[in-house]
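*Asks:* requesting a structural model of the entry that follows:
(2 chains)
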Amino acid sequence: MTDFFLVAILVMIFVVIFQIAKASEYVSVLKGQEKSRKQNNRINGFLMMVFLVLGLIGAWYCNELYYGKTLFPQGSASVEGEKIDIMLWITIAVTGVVFIITQIILFYFGFKYQEKDNTRAFYFPHNNKLELLWTTVPAIFLTVLVAFGLKYWFIFTSDPPSNAIVVEVTGHQFGWDFRYPGNDGVLGKKSYKLYNQPAGNSLGVDFNDSASFDDIHLTEMHIPKGTPVKLVINAMDVIHDVGLSHFRMKMDAVPGIPTTMWFTPKYTTEEMKKITSNPNFVYELSCDQICGKGHFTMRGIIIVEEPAVYQAWLKEQKPEYGTLFPDNTKNTLTTDSMSKAPIAQIK
Amino acid sequence: MSTTSTSTTTQSAAHGTHDAHHEHHHDTFITKYIFSQDHKTIAKQFLVTGIIWAFIGGLFSVVFRLQLGYPEATFPILEDFFGHWAKGGKIQPEFYYALVTMHGTVLVFFVLTAGLSGTFANFLIPLQIGARDMASPFLNMLSYWFFFLASVVMISSLFVQTGPASGGWTIYPPLSALGDASSGSKIGMDLWLVSMALFVVSSLLGGLNYITTILNMRTKGMSMTRLICVQRE
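*Replies:* Next up is the predicted model:
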C-alpha cells in the first residue's frame, strides 16, 4: 500500500510540473509570443548576473565554512609533502584566477550582449592571434605543472637516501599488513604460491630465504620522525591504494607489480595531536582505490615516534619466523637443509 | 512586382521539390518515429533516451549521497524501494558501490557520450554543413538502436540478484574480473560488458557517420576551413 502511495505521489508531482509548464505556455500565447519572448530574454539576462554574484559568493562562503575541515590548514606532515602542497597551491591560484575571470566574462557578456531591437550580432568567426594565445598560454602553463609533477614523482619513486628504513605494505580485502626487514635490512622473498592463511603465512613469505628469518610482520605501522621511510607496496588480491593524506602521499598497490615511494615524517603522532588540537589524532592509511564491499573499512594506523622510542619499540618486536616455528628457529638459521622443513609444514 | 513573381516561382519550385522528395517516402508511424532514418528524429531519440538516463543516473547519485551526507541516519523509505539493498533504511556497502559505479557509467557513457553527442552531432552536423541528411541514414538508425539495446541490457543489470557492476566505472580488473572479489563482478559485470560492447558498436556507427558526413557531404563552397564552430542565425 505504501509503495502504491509513493508511486502515486511521484506521478502526481510529474503531473503538477507538466500542468504548470502547460499553463505558462498558454499565458505566453495570450500575451503574444514575440512580446513574451523578449520579456523572457530580459529576465534571463538579469538572472545571468544574479547567478554570477550568488555563485561567486557561494564559492567564497563554502570555502569559509569548510576550509578548516580540510587537511590543508594542518600543513604537510612530511618534508616531501610540502612540495606537493606548493604545487597544489600554485595550481589552485592559477586555475582560481582563470576561473573567476572567465565566469565573470561568461555571465556578464550574457547580460550585456543580450538581444536588443537596435543592435545586431557581430559575426566573429576566426582570429589567429586569439587562437594562438589561448592555445599556447594554457599549454605552456600545463607543461610547467606537468614538469614539476614529474620531477617530484621521480624523486618520490626513486631510491631514498641511504639512511632510509624500509617497510613493506601489503593490501588485501580488507586490511593492511606491514613487514619490517629486521636487522639485515633485507625483506625475505615472497611468492603467491606460498600463501597459506590457515598455517599463518598470510603474506606468502618464502621461509627458505634466510633474509626472511628476522622479518617482522605487523598490522600497525610504526615509523621514526625525521628519517626517510621507503614503502614497498604490494596487493594480495585486487588493486588497492596506499593513501596517506597527512603526508600528501599516495600510491597504487597492484597485485604482482610492487610499487615504491618514500617520505620523511615531520611530526610525531603526539606532536600532531597538539597541532590539530585533537587528542584522538592518528595518522591514517586509507585505501584510495575502490576494492570491493569492505573498501571503506580499509583503514590502517600509522604511529610516528621519536627515533629513540621507535628503536626501543622495534627491539621488542618478534620476527614472524620465530612465532611460526618456535622450535626450528635456531637450527634453520644455521643450516640450509633444515630451513626446508618449516616450508613443508606450512604447505 | 517582378520580385514578388520571382519569389513565388522560387517558392513553388521549392514546393515542387519538397513534394517530389516526399513521393519517394511513404512514411508509416514506425518508419517516421521509431525506425526513422531522419537525422533530426534520430537526434530527438538520442535526446529523449539521454534525458531518461540522466534522470536515472541523477537518482543514483541522490541515493548514495544521502548515505554519504548522513552516514548515521536511517531512511526506512529506502527499504521500501530497494529491499535488502537498503536493509533497515541504510544503503548497504555493496549497493553503495554499485550505485557509484552505475552513476559513473550512466553519466559518462549514456548521458555525456550518447545523450549529448548523439543529439547535437546528429541534429546539427547536416544543418551546419548544408547537407540534407547524414552520409548513411541507415547506419545512423542502427547507431541509435544499438544504443537502445545497450540501455536495455544495462537497465536489466540493475535487477539481477547479485546486483549490478560495483567495481567503479573504470572497471579495473582483477576486482571486476573475479566474481569472488565482489558480488557486482558476477552476472552484473557480464551484463555491463555486453551493454558496453553494444554501446561501442553504437558509438562507432555514429562516429563513422559524423566523419564521413563532414568529409563528403559539405555543400558547395563549404570548405573545411569555412566550417563553423557554433550555429548562427
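
*Asks:* please count neighbours and contacts with C-alpha atoms only from this point.
*Replies:* Noted.

*Asks:* leaving out sequence neighbours, find the closest residue to the closest residue to chain B within the stretch 51-200 of chain A.
*Replies:* Going by C-alpha to the nearest C-alpha, chain B is nearest to A:Pro125 of the stretch 51-200 of chain A, at 7.3 Å. Spatial nearest neighbour of A:Pro125, excluding adjacent residues (C-alpha to C-alpha, 6 or more residues apart in numbering or on different chains): B:Ile228 at 7.3 Å.

*Asks:* quick check: that neighbour is in a helix.
*Replies:* No. The assignment for B:Ile228, made by DSSP: H, G, I helix; E, B strand; the rest coil, is coil rather than a helix.

*Asks:* tell me the secondary structure for the residue of the stretch 51-200 of chain A closest to chain B?
*Replies:* Following three-state DSSP, A:Pro125 is assigned to coil.

*Asks:* that one and A:Glu131, how far apart?
*Replies:* According to C-alpha to C-alpha, to the nearest Å, A:Pro125 and A:Glu131 sit 11 Å apart.

*Asks:* now the strands: where do they sit in the stretch 101-250 of chain A?
*Replies:* Along the stretch 101-250 of chain A, counting by DSSP state E, counting those that start in this stretch, strands occupy A:165-172, A:175-180, A:216-218, A:221-224, A:229-235, A:240-244, A:249-253.

*Asks:* next, count neighbours for the residue nearest to A:Pro125.
*Replies:* Applying other C-alpha atoms under 10 Å in any protein chain shown, we find 13 residues neighbouring B:Ile228.

*Asks:* isn't it right up against A:His126?
*Replies:* No. Using C-alpha atoms under 8 Å, B:Ile228 makes no contact with A:His126, being 9.2 Å away.

*Asks:* give the residues shared as contacts by the two.
*Replies:* Counting by C-alpha atoms under 8 Å, 6 or more residues apart in numbering or on different chains, no residue touches both B:Ile228 and A:His126.

*Asks:* C-terminal to the least confident helix or strand in chain B by mean pLDDT, which secondary structure element comes first?
*Replies:* Sorted by mean pLDDT, DSSP states H and E, the helices and strands of chain B end with helix B:2-23, the least confident at a mean of 43. From helix B:2-23 onward toward the C-terminus, using DSSP states H and E, the following helix or strand is helix B:29.

*Asks:* helices or strands up against that following helix?
*Replies:* On a contact count with 3 or more C-alpha pairs under 8 Å, 6 or more residues apart in numbering or on different chains; DSSP states H and E, helix B:29 meets no helix or strand.

*Asks:* I'd like the next helix or strand past it.
*Replies:* helix B:39-69.

*Asks:* and that following helix, what's buried?
*Replies:* By 16 or more other C-alpha atoms under 10 Å in any protein chain shown, the buried positions in helix B:39-69 come out as B:39-47, B:49-51, B:53-54, B:56-57, B:60-61, B:64, B:66-67.

*Asks:* now do stretch B:208-225
*Replies:* Buried residues in stretch B:208-225 (16+ other C-alpha under 10 Å): B:209-210, B:213-214, B:217-218.

*Asks:* stretch A:74-85 now?
*Replies:* In stretch A:74-85, the ones that count as buried by 16+ other C-alpha under 10 Å are A:76-81, A:83-84.

*Asks:* same check, this time on stretch B:92-111
*Replies:* Applying 16+ other C-alpha under 10 Å to stretch B:92-111 flags B:92-107, B:109-111 as buried.

*Asks:* so which of those residues are in strands?
*Replies:* Among these, none falls in strands (DSSP state E).

*Asks:* show the overlap between these and what lies near chain A.
*Replies:* Applying C-alpha under 8 Å from any C-alpha of the partner chain to those, one finds that B:93-94, B:97 fall near chain A.

*Asks:* flag the shaky bits of chain B, pLDDT-wise.
*Replies:* For chain B, the stretches with pLDDT under 70 are B:1-25, B:229-233.
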